[in-house]
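S.K.: Sequence and predicted structure below; questions after.
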Amino acid sequence: MDKRKVDIAIIGAGTAGMGAYRAARKHTDNVVMIEGGPYGTTCARVGCMPSKLLIAAADSAHQVTRASLFGIYPGDVRIDGKAVMDRVRRERDRFVGFVVDAVEGFPEQHRLRGHARFLSPHRIMVGNSLEVEASRVVIATGSRANVPGFLKDAKDRLVVNDDLFDWDDLPQSVAVFGPGIIGLELGQALSRLGVRVRMFGVSGGVGPLQEEAIRKYALKCFNEEFPLDADSSVQSVERTAEGVSIRFTDPDRGEMTETFDYLLAATGRRPNVDGLDIQNADIAQDDRGSPLFDPYTLQCGDSHIFIAGDANNEVPLLHEAADEGRIAGNNAALYPEVRAGLRRVPLGIVFTDPQIAIVGMTVKEVDERCRGCYAIGEVSFEGQGRSRVIGANKGLLHVYGERGSGLFLGAEMFGPAAEHLGHLLAWAAQKRMTVSEMLDMPFYHPVIEEGLRTALRDLNRKLDIGPQPIDHCLDCGPGG
Ligand SMILES: Cc1cc2nc3c(=O)[nH]c(=O)nc-3n(C[C@H](O)[C@H](O)[C@H](O)COP(=O)(O)OP(=O)(O)OC[C@H]3O[C@@H](n4cnc5c(N)ncnc54)[C@H](O)[C@@H]3O)c2cc1C
Ligand SMILES: NC(=O)c1ccc[n+]([C@@H]2O[C@H](COP(=O)([O-])OP(=O)(O)OC[C@H]3O[C@@H](n4cnc5c(N)ncnc54)[C@H](O)[C@@H]3O)[C@@H](O)[C@H]2O)c1
């Protein structure tokens, strides 16, 4: 058995692990990063990047098919599934290549390969033949798809996000389980690429949407493209000679059986802490076995162990994994001195069309904080000037503000350009701007941001701070 003694051991070479490594290295050269799988990160290999590449192809197909709205008829659209998947993989490999180059640029003595597990709070077994003794540890082991047992009856036709991007052609049909973020993004993209899609959910949820009016609106829009039953009743899943046969109750047509080439499970993700023998680390865990930690320092209790990225199951998003990795790596180096790191205003974006943006506090959090003393401003994008011009006039935006202070607190949106409006709103929330201060900012004409202004004006009026907005915003041009 080989043995090695280090100041800091980082488990996982994903986004959080690499961030932790870079931060830790500013303080010590005696650091190792342990990776049990391939280099390249979840984001670049099987997450953010390949999913956005597939969506880009789908957007392109969609733009062509909707050109007739503008009186333009480009002829029959032919989608070459092999070419679509070829570009997805080629570009994906390019992104992965950059990440692998970056990791392999770290000194060789800092990089260990093999599955890591705790033998004791300071001793980590790497693979079968190396024991690392570490003064401090950062857990950055990410997450993996969580697949409910009954979906496994699809056998070899069951896929998760890790598998899909390696297809070399598009299938004819896919049943998607889970209308969460991954299911909506990938399911809508496949549908727009000509794949027959049916989506099954439980308990009525649609992505991360919490507001009933917006959830219902989004559900209606998605159902215009493919059947999505957010509260489905599925009797059986079976692998047959033709593919995967699913018996379910359709809300309008009753009991049905439909066969698909594949079943995509997008039913949530589970943190990779179960393979770590975490019980040997002597840190407190919640009832699901996840370590308890401080979200500002990433420290587990007052121990020498820190946890960052999807592994801690707090906000499983890329920019959060990067921030957390940096904070955890820095604190692992400073331990027992630890510092609270900068946590940004929550921002989540779903790259569907229309897009979804969730910013700042959710409506439930606002209600808890303000105990009813808040207002919700709203706008529909159906009549919004620029949105109508470009034929993207679908969607709703709700913005939340506190009574008295007039502070902007958060927003939920399903609508055009939500990725951009979401950023404006997140920046305003992080700067703790009031709704009036936001309205003092410039708004060009004609832009989708004028829709945001309408919602903010509505909010200020409901907070009894601003005047009654002028219908159709005549001072700023039509449809503002
Ligand atoms: C399909 C999909 C699309 C997504 N799209 C977006 C998006 O558009 N925007 C966004 O912000 N986020 C997106 N995400 C989320 C984002 O990808 C993750 O939040 C982020 O990649 C998490 O980084 P991480 O470092 O925590 O984990 P990872 O990058 O998964 O790194 C963890 C590493 O730890 C290794 N490991 C695990 N256990 C062990 C062990 N015991 N020993 C040694 N090594 C181990 C793993 O092999 C892995 O390399 C998406 C995710 C998916 C799945
Ligand atoms: N654009 C982005 O930022 C982006 C994109 C993809 C993924 N992600 C990250 O990845 C995480 C995981 O995404 P996800 O979509 O897997 O999880 P999710 O939690 O967003 O959605 C899971 C969905 O599956 C449903 N579900 C659970 N069990 C089911 C069952 N038996 N049958 C049918 N439906 C079932 C849930 O009700 C939920 O709607 C997200 O929370 C997000 O943080 C982010």
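M.R.: On my side now, so go ahead. Ligands and ions are numbered 1, 2, ... in the order given.

S.K.: drop to CA atoms for contacts and neighbour counts, all remaining ones
M.R.: Will do.

S.K.: Which pLDDT value belongs to the residue nearest in space to the middle of the chain?
M.R.: In the chain, the centroid-proximal residue (Cα atoms, centre = their mean) is residue 317; its distance is 5.3 Å. Note on residue 317: pLDDT of 98.

S.K.: ok, and the closest non-adjacent residue to the residue in the chain sticking out farthest from the centre?
M.R.: The C-alpha centroid of the chain is most remote from residue 1, which lies 41.0 Å away (Cα atoms, centre = their mean). Sequence neighbours aside, residue 129 is the residue nearest to residue 1 in space, at 5.0 Å (criterion: Cα to Cα, 6 or more residues apart in numbering).

S.K.: So for that neighbour, what's the pLDDT?
M.R.: Note on residue 129: pLDDT of 91.

S.K.: That one and residue 112 touch, don't they?
M.R.: No. With contacts counted by Cα atoms under 8 Å, residue 129 stays clear of residue 112, the gap being 11.7 Å.

S.K.: ok, those two, which is more surrounded?
M.R.: Each of residue 129 and residue 112 has its neighbours counted (other Cα atoms under 10 Å); residue 112 has more, 21 against 10.

S.K.: what about the more buried one, distance to ligand 1?
M.R.: 9 Å (Cα to the nearest ligand atom, to the nearest Å).

S.K.: so that residue touches residue 31, yeah?
M.R.: No. The pair residue 112 and residue 31 fails to qualify as a contact (Cα under 8 Å) at a distance of 10.4 Å.

S.K.: Beyond the top helix by length along the chain, next helix or strand please.
M.R.: Secondary structure assigned by DSSP state H gives helix 81-104 as the longest helix of the chain. Using DSSP states H and E, the helix or strand that directly follows helix 81-104 along the chain is strand 111-113.

S.K.: what pLDDT, on average, does that next one get?
M.R.: The predicted model gives strand 111-113 an average pLDDT of 98.

S.K.: what residues does the stretch 1-150 of the chain put near ligand 1?
M.R.: Counting by Cα under 6 Å from any ligand atom, the stretch 1-150 of the chain comes close to ligand 1 at 11-17, 34-37, 39, 41-43, 46-48, 51, 114-117, 140-143.

S.K.: What are the boundaries of the strands in the stretch 201-350 of the chain?
M.R.: 228-229, 233-240, 243-250, 254-260, 262-265, 269-271, 305-307, 347-350 (DSSP state E, counting those that start in this stretch).

S.K.: which one of the ones you listed is the most hemmed in?
M.R.: Comparing the strands of the stretch 201-350 of the chain on average neighbours per residue, with mean count of other Cα atoms under 10 Å, the densest one is strand 305-307 at a mean of 31.

S.K.: Contacts for that one next, please.
M.R.: Under the contact criterion Cα atoms under 8 Å, 6 or more residues apart in numbering, strand 305-307 has outside partners 136, 137, 138, 139, 140, 293, 298, 299, 300, 328, 332.

S.K.: Tell me how the chain divides into domains.
M.R.: 2-145+270-334, 149-268, 347-478 (automatic domain parsing).

S.K.: start to end distance for the second one?
M.R.: As for domain 149-268, its first-to-last residue distance stands at 13 Å under the measure Cα to Cα, to the nearest Å.

S.K.: Between the two ends of stretch 206-214, what distance do you get?
M.R.: So stretch 206-214: terminal residues 10 Å apart, Cα to Cα.

S.K.: just to revisit the earlier point, buried members of the residues of the stretch 1-150 of the chain next to ligand 1 into PyMOL, please.
M.R.: If you want just the buried ones from these in PyMOL, going by 16 or more other Cα atoms under 10 Å, the selection is:
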select buried, resi 11+12+13+14+15+16+17+34+35+36+39+41+42+43+46+47+48+51+114+115+116+117+140+141+142+143
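
S.K.: Give me the subset of the residues of the stretch 1-150 of the chain next to ligand 1 lying in strands.
M.R.: In this view, these that belong to strands under DSSP state E are 11, 34, 35, 116, 117, 143.

S.K.: Tabulate those residues (a markdown table), appending distance to ligand 2.
M.R.: Below are those laid out as a markdown table (distance: Cα to the nearest ligand atom, whole Å):
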| residue | distance to ligand 2 |
| --- | --- |
| 11 | 20 |
| 34 | 23 |
| 35 | 21 |
| 116 | 24 |
| 117 | 24 |
| 143 | 9 |
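
S.K.: What parts of the stretch 51-200 of the chain come near ligand 2?
M.R.: Contact residues, the stretch 51-200 of the chain versus ligand 2 (Cα under 6 Å from any ligand atom): 148, 177, 178, 179, 180, 181, 182, 183, 200.

S.K.: mind listing what's buried in the one helix or strand residue 64 maps to?
M.R.: For residue 64, the host element (DSSP H and E) is helix 48-65. Within helix 48-65, the residues scored as buried using 16+ other Cα under 10 Å are 48-59, 61-62, 65.

S.K.: repeat for stretch 159-167
M.R.: Counting neighbours by 16+ other Cα under 10 Å, stretch 159-167 gives 159, 160, 161, 164, 165 as buried.

S.K.: separation between the first one and residue 461?
M.R.: So the one you mean is residue 159. For residue 159, the distance to residue 461 (Cα to Cα) stands at 49 Å.

S.K.: got it, and the last one?
M.R.: According to Cα to Cα, residue 165 stands 48 Å off from residue 461.

S.K.: and if you look at the fourth one?
M.R.: In this view, residue 164 and residue 461 are 48 Å apart by Cα to Cα.

S.K.: hang on, residue 379 in a strand?
M.R.: Yes. Remark: residue 379 belongs to a strand, assigned using DSSP: H, G, I helix; E, B strand; the rest coil.

S.K.: ok, it - how many residues close by?
M.R.: Around residue 379 there are 22 other residues, counting by other Cα under 10 Å.

S.K.: quick one: which helix or strand includes the closest residue in space to it that isn't next to it in sequence?
M.R.: Computed as Cα to Cα, 6+ apart, the closest residue to residue 379 that is not its neighbour in sequence is residue 455, at 4.9 Å. Element membership of residue 455, judged by DSSP H and E, is helix 449-462.
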